[in-house]
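Asker: need a 3D model of the following:
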Amino acid sequence: MAEFDGFAGDYRALLDAQVGSAGYFADAKAAFLARRFGRAYEGKVLDFGCGVGLVSAAMQSRWPACRLTGLDPSTESLALAASALPRPARLIAALEEAGAGFDLIVVSCVLHHIPPSDRAATVRALAARLSPRGSLVVFEHNPANPLTRRVVATCPFDEGVTLLWPGETRRWLRSAGLRRVDLAYISFVPPQLAPLRPLEGLLAGLPVGGQYAMVGRFPAAGRGAVAAARAATGEAQ
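Answerer: Numbers count the residues shown, from 1 in each chain. Take a look at the predicted model:
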């Protein structure tokens with residue numbers, strides 16, 4: 001996805017034009033994570049495909065003590081992320097630099113930019129870098145939402161992408177050994193109705209949200225599952 005170098009400088013403005021406020025929807029994801037993992041989370045977090053740092057910045061704002069690594073192959077995007085984050089973070093351009101033992105890996109609207117034939121391997125490689133009790137959270141656009149489909153169809157940097165239905169995303173997480181997989185829908189409330197956003201937690205089971213979150217964890221015997229995931233991807237133990 002190094003081709004995002006060409007969009008990096010205008011990325012936020014383009015997204016604002018598409019959805020009204022890129023920062024609002026980034027914070028909506030961070031709000032979901034805070035509901036799921038707690039308001040004072042201090043874990044080791046990888047933001048895979050962090051881009052210009054929108055979700056990374058939202059996570060840092062809500063979780064000042066989290067230990068954040070942002071990863072993106074677009075060096076232009078990483079440069080912008082470095083100046084946008086509220087506090088220093090480790091920023092890298094390749095998964096091989098990331099290390100392992102992450103308590104949380106966040107993949108925010110990235111998988112639809114990865115060719116379908118490479119998605120399973122990508123998820124396996126990420127799962128292999130989780131700690132035994134870690135979680136992998138995939139945020140994706142909901143193909144069942146007509147407004148979402150219209151936004152994607154007119155977005156310059158989404159040209160030619162193939163969206164993932166929740167069943168496909170669940171399949172990739174389970175194939176990576178993440179047997180405890182939960183689905184929640186998000187992005188029901190537009191920026192114009194921001195005061196109503198706290199209600200989104202009550203709507204999580206309705207399959208009409210603009211986006212969805214898939215949360216995967218290893219089974220109770222997580223250490224063995226992590227070892228198996230790393231062996232499957234050739235990662236060092």
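
Asker: could you point out which element follows the lengthiest strand in the chain?
Answerer: Scanning the chain for the longest strand, with DSSP state E as the assignment, gives strand 130-141. The helix or strand immediately downstream of strand 130-141 is helix 146-154, counting by DSSP states H and E.

Asker: show me what counts as buried in the longest helix along the chain.
Answerer: Counting by DSSP state H, the longest helix found in the chain is helix 22-37. Across helix 22-37, burial judged by 16 or more other Cβ atoms under 10 Å covers 22, 24-34, 36-37. The C-beta positions use only the backbone N, C-alpha and C, and glycine is treated the same way.

Asker: packing partners of the very next helix or strand once past it?
Answerer: Per DSSP H and E, the first helix or strand lying C-terminal to helix 22-37 is strand 44-48. The contact analysis (3 or more Cβ pairs under 8 Å, 6 or more residues apart in numbering; DSSP states H and E) places strand 44-48 against helix 54-62, strand 67-71, strand 102-108.

Asker: and the angle for strand 44-48 with helix 22-37?
Answerer: Relative orientation of strand 44-48 versus helix 22-37 (axes from the mean of the first three to the mean of the last three Cα atoms, to 10 degrees): 140 degrees.

Asker: angle of strand 44-48 against strand 67-71?
Answerer: Using the same axes, to 10 degrees: strand 44-48 against strand 67-71 is 20 degrees.

Asker: run through who's touching strand 44-48.
Answerer: 55-56, 59, 63, 66-71, 95, 98, 101-108, 110, 126, 129, 131 (Cβ atoms under 8 Å, 6 or more residues apart in numbering).

Asker: measure how buried A100 is and give me the count.
Answerer: For A100, the neighbour count with other Cβ atoms under 10 Å is 16.

Asker: same question, L147
Answerer: By other Cβ under 10 Å, 13 other residues sit near L147.

Asker: would you agree it is in contact with V208?
Answerer: No - contact criterion Cβ atoms under 8 Å: L147 and V208 do not qualify, at 9.8 Å.

Asker: where does the prediction get shaky in the protein?
Answerer: 1-21, 157, 221-232, 234-237 (pLDDT under 70).

Asker: run the last query once more with 90
Answerer: Judged by pLDDT under 90, the chain has its weakly predicted residues at 1-25, 76, 84, 150-160, 189-194, 197-201, 220-237.

Asker: just to check, R170 is in contact with R179?
Answerer: No - R170 is beyond contact range of R179, at 10.9 Å (criterion: Cβ under 8 Å).

Asker: settle it for me: which of these two has more neighbours?
Answerer: R170 (18 against 14).

Asker: L164: what's it in contact with?
Answerer: Neighbouring residues of L164 by Cβ under 8 Å, 6+ apart: 111-112, 119, 140, 143.

Asker: my bad, should have said H112
Answerer: H112 neighbours (Cβ under 8 Å, 6+ apart): 140-141, 152, 158, 161-164.

Asker: need phi/psi at it.
Answerer: Reported as degrees, to the nearest 10, the phi and psi values for H112 are phi -70, psi -10.

Asker: do R90 as well
Answerer: phi -80, psi 120.

Asker: quick one: the closest residue to it other than its chain neighbours from F102, how far?
Answerer: Leaving aside its sequence neighbours, R90 sits nearest to T69 (Cβ to Cβ, 6 or more residues apart in numbering; 4.4 Å). T69 sits at a distance of 8 Å from F102 (criterion: Cβ to Cβ, to the nearest Å).
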